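Asks: Give me a model of this one.
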Amino acid sequence: MADLSLEQTLGRAELREMKGIPLTTATYSIWDQVRKFKARPDDLLISTYAKAGTTWTQEIVDMIQQNGDVEKCRRATTYRRHPFLEWYIPEPSSLRYSGLELAEAMPSPRTMKTHLPVQLLPPSFWEQNCKIIYVARNPKDTLVSYYHFHRMNKAMPEPGTWEEFMEKFMTGKVLWGSWYDHVKGWWKAKDKHRILYLFYEDMKENPKQEIQKILKFLEKDLTEYVLNKILHNTSFEIMKENPMANYTKDFLGVMDHSLSPFMRKGVVSDWKNYFTVAQNKKFDEDYKKKMADTSLVFRTEL
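Replies: This is a model prediction of the structure:
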């Protein structure tokens with residue numbers, strides 16, 4: 001009997017709503033365990049809406065924690081170093097992944113990642129007063145990046161056409177729900193909790209300054225030499241070539257890097273290559289309505 005191709009064994013994800021937020025059916029199936037997850041006081045959580053510079057932030061944090069030791073940062077792929085809390089792939093066994101199991105087995109201090117909106121975060125993170133780094137990226141670039149990610153990643157739902165995906169994004173009918181609610185929810189939460197709220201555009205414009213903010217938040221002190229080493233090793237060009245960070249070692253057969261590399265461009269204002277004038281007008285009008293109730297401001301170009 002011929003081997004089943006991975007395409008046959010891993011179908012496109014279906015979505016189910018948990019309190020109005022679309023999650024994969026696999027994550028939905030373990031929701032009770034996610035909700036009951038026990039955070040520890042020294043846990044660090046990196047939280048983002050998808051495609052907002054998550055892997056980049058994870059690499060910066062890891063480099064800081066390892067004092068700039070590049071070898072230590074290559075001890076495992078990003079996916080294993082920082083458990084992706086709610087992510088669950090039960091089948092096939094060669095691709096099985098449980099962020100919960102990884103996190104539970106991990107010695108303290110742990111660093112984890114999530115894309116959950118603030119209202120779905122396991123309550124123990126608030127109870128333990130954990131530190132959380134949140135990164136937000138402007139919606140137009142997020143949308144373009146998320147579209148390409150859906151195209152190349154078979155563990156995501158089928159994106160449909162660019163027009164269809166834009167509509168889904170604007171109405172929040174995508175995995176992890178509405179971008180608008182996500183960034184606003186975490187923005188509000190930062191006033192009550194230990195949350196460092198960063199912007200992707202600031203990280204692009206002045207990475208050194210933003211890394212220093214993370215250092216201060218983590219109460220770490222590093223020499224100028226180590227800081228510059230971190231700057232260099234977390235640049236897009238270096239990370240794109242790092243197999244421990246660029247997802248070429250994980251999910252073989254799930255992510256098709258020939259369609260679109262996991263680390264695609266890492267730039268600000270790539271949206272201009274995709275939005276038509278009419279789409280941009282429609283998006284801007286909708287954005288104004290949805291963001292009228294927040295002090296959050298995003299830059300769509302530098």
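Asks: C-alpha coordinates for stretch 57-67, PDB please?
Replies: Coordinates of each C-alpha in stretch 57-67 appear next as PDB, following Å, rounded to 0.1, in the frame of the first residue of the first chain:
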ATOM      1  CA  THR A  57       9.800  38.600  19.900                       C
ATOM      2  CA  GLN A  58      10.300  35.000  21.000                       C
ATOM      3  CA  GLU A  59      13.900  35.000  19.600                       C
ATOM      4  CA  ILE A  60      14.700  38.400  21.200                       C
ATOM      5  CA  VAL A  61      13.400  37.200  24.600                       C
ATOM      6  CA  ASP A  62      15.300  33.900  24.400                       C
ATOM      7  CA  MET A  63      18.500  35.700  23.400                       C
ATOM      8  CA  ILE A  64      18.000  38.000  26.500                       C
ATOM      9  CA  GLN A  65      17.400  35.000  28.800                       C
ATOM     10  CA  GLN A  66      20.400  33.200  27.400                       C
ATOM     11  CA  ASN A  67      22.600  36.300  27.700                       C
END
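Asks: how far does it sit from the chain's center?
Replies: In terms of C-alpha atoms, centre = their mean, to the nearest Å, the centre of stretch 57-67 is found 15 Å from the chain centre.
Asks: The residue nearest to residue 113 when sequence neighbours are not counted sits in which helix or strand?
Replies: Closest residue in space to residue 113, ignoring its immediate chain neighbours: residue 46 at 4.6 Å, by C-beta to C-beta, 6 or more residues apart in numbering. Just so you know, the C-beta spots here come from the backbone N, C-alpha and C atoms, and that holds for glycine as well. Here residue 46 sits within strand 44-48, counting by DSSP states H and E.
Asks: Output the contacting helices and strands for the next helix or strand after that strand.
Replies: Note on strand 44-48: by DSSP H and E, the next helix or strand toward the C-terminus is helix 54-65. Applying 3 or more C-beta pairs under 8 Å, 6 or more residues apart in numbering; DSSP states H and E, one finds that helix 54-65 contacts strand 44-48, helix 70-73, helix 78-81, strand 111-114, strand 131-136, helix 207-217, helix 224-233, helix 236-240.
Asks: Would you agree the residue nearest to residue 113 is in contact with residue 60?
Replies: No: with contact defined as C-beta atoms under 8 Å, residue 46 does not count as touching residue 60 (9.5 Å).
Asks: could you dump the helices and strands packed on helix 54-65 to TSV with mean neighbour count, mean pLDDT and distance to residue 98?
Replies: Formatted as TSV, those follow (neighbours: other C-beta atoms under 10 Å; pLDDT from 0 to 100; distance: least, C-beta to C-beta, whole Å):
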stretch	mean neighbour count	mean pLDDT	distance to residue 98
strand 44-48	24	98	17
helix 70-73	14	96	23
helix 78-81	21	93	12
strand 111-114	24	98	13
strand 131-136	24	98	22
helix 207-217	16	98	28
helix 224-233	16	97	29
helix 236-240	15	92	25
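Asks: could those be laid out in CSV, adding distance to residue 295?
Replies: Shown next, in CSV, are those (distance: least, C-beta to C-beta, whole Å):
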stretch, distance to residue 295
strand 44-48, 19
helix 70-73, 36
helix 78-81, 32
strand 111-114, 24
strand 131-136, 13
helix 207-217, 19
helix 224-233, 30
helix 236-240, 30
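Asks: Can you tell me what sits against stretch 117-132?
Replies: Residues from elsewhere that reach stretch 117-132 (C-beta atoms under 8 Å, 6 or more residues apart in numbering): 18-19, 21, 34-41, 43-47, 85, 114, 176-178, 181-182, 185-186, 188-189, 193-196, 217-218.
Asks: Can you turn the buried subset of those into a selection I can paste into ChimeraX?
Replies: Buried residues among the contacts of stretch 117-132 (16 or more other C-beta atoms under 10 Å), as a ChimeraX selection:
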select :18,21,34,37,39,43,44,45,46,47,85,114,176,177,178,181,182,185,186,189,193,195,196,217,218
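Asks: Just the ones in helices from the contacts of stretch 117-132, please.
Replies: 34-35, 181-182, 185-186, 188-189, 217 (DSSP state H).
Asks: which pair in those residues spans the largest distance?
Replies: Maximum pairwise distance among the ones in helices among the contacts of stretch 117-132 (C-beta to C-beta): 26.6 Å, between 35 and 217.
Asks: got the contact list for residue 75?
Replies: Residues near residue 75 by C-beta under 8 Å, 6+ apart: residue 81.
Asks: May I ask you to confirm that it belongs to a helix?
Replies: No: read with DSSP: H, G, I helix; E, B strand; the rest coil, residue 75 is coil and lies in no helix.
Asks: any weak-confidence spans in the stretch 1-150 of the chain?
Replies: In the predicted model of the stretch 1-150 of the chain, residues 1-10 satisfy pLDDT under 70.
Asks: No further queries at this time; thank you.
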